[in-house]
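J.: Sharing a sequence plus its predicted fold:
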Amino acid sequence: MHKKANAQEYSQALLKNACALEVKGELAAALTKYEEVVRLYPDTSDAKNAEQCAAAVKKMLAGG
């Protein structure tokens, strides 16, 4: 249980960091962090959110 709580805390912190990078306009770095959330915590709601955010960032990077 303790390990799961830590994983959730880490995934949330990583997602928060990615969001902060996106807000600052550091899109490539944000995308990397979003993809890291998905890779490290695939079966979480944070991963689902990160996937959606990553898709939006990819669109922005492509000029859309």
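T.: Received the coordinates, thanks.
J.: So what's the residue count around Leu21?
T.: Taking other CB atoms under 10 Å as the neighbour definition, Leu21 ends up with a count of 19. Where C-beta positions appear, they are placed from N, C-alpha and C, glycine not excepted.
J.: I meant Glu35, not that one.
T.: Neighbour count for Glu35, taken as other CB under 10 Å: 16.
J.: now do Ala18
T.: Using other CB under 10 Å, Ala18 is surrounded by 26 other residues.
J.: Return the residues in contact with it.
T.: Taking CB atoms under 8 Å, 6 or more residues apart in numbering as the contact definition, Ala18 lies against 30, 33-34, 36-37, 50, 53.
J.: Asp46 now?
T.: Contacts of Asp46 (CB under 8 Å, 6+ apart): 8, 11-12, 14-15, 37.
J.: Report the secondary structure state of it.
T.: Classification of Asp46 by DSSP: H, G, I helix; E, B strand; the rest coil places it in helix.
J.: Relative to Thr32, how far out is it?
T.: Look at Asp46 and Thr32: by CB to CB, to the nearest Å, they are 15 Å apart.
J.: same question, Leu61
T.: Relative to Thr32, and taking CB to CB, Leu61 is found at 12 Å.
J.: do the same with Gln8
T.: When Gln8 is compared with Thr32 (using CB to CB), they lie 21 Å apart.
J.: before we move on, what about Ala5?
T.: If you measure Ala5 against Thr32 using CB to CB, the figure is 25 Å.
J.: where in the protein is pLDDT low?
T.: Counting by pLDDT under 70, the chain contains low-confidence residues at 1-3.
J.: try it again with 80
T.: Applying pLDDT under 80 to the chain flags the ranges 1-5, 64.
J.: State the distance from Gly64 to Gln8.
T.: Separation of Gly64 from Gln8 (CB to CB): 33 Å.
J.: Just want to know which of those two has more residues nearby.
T.: For Gly64 versus Gln8, neighbours defined as other CB under 10 Å are more numerous around Gln8 (14 against 7).
J.: tell me which residues of the helix or strand hosting that one are tucked away?
T.: With elements delineated by DSSP states H and E, Gln8 resides in helix 2-23, which encompasses its position. Residues of helix 2-23 classed as buried: 11-12, 14-15, 17-19, 21-22 (neighbour count, 16 or more other CB atoms under 10 Å).
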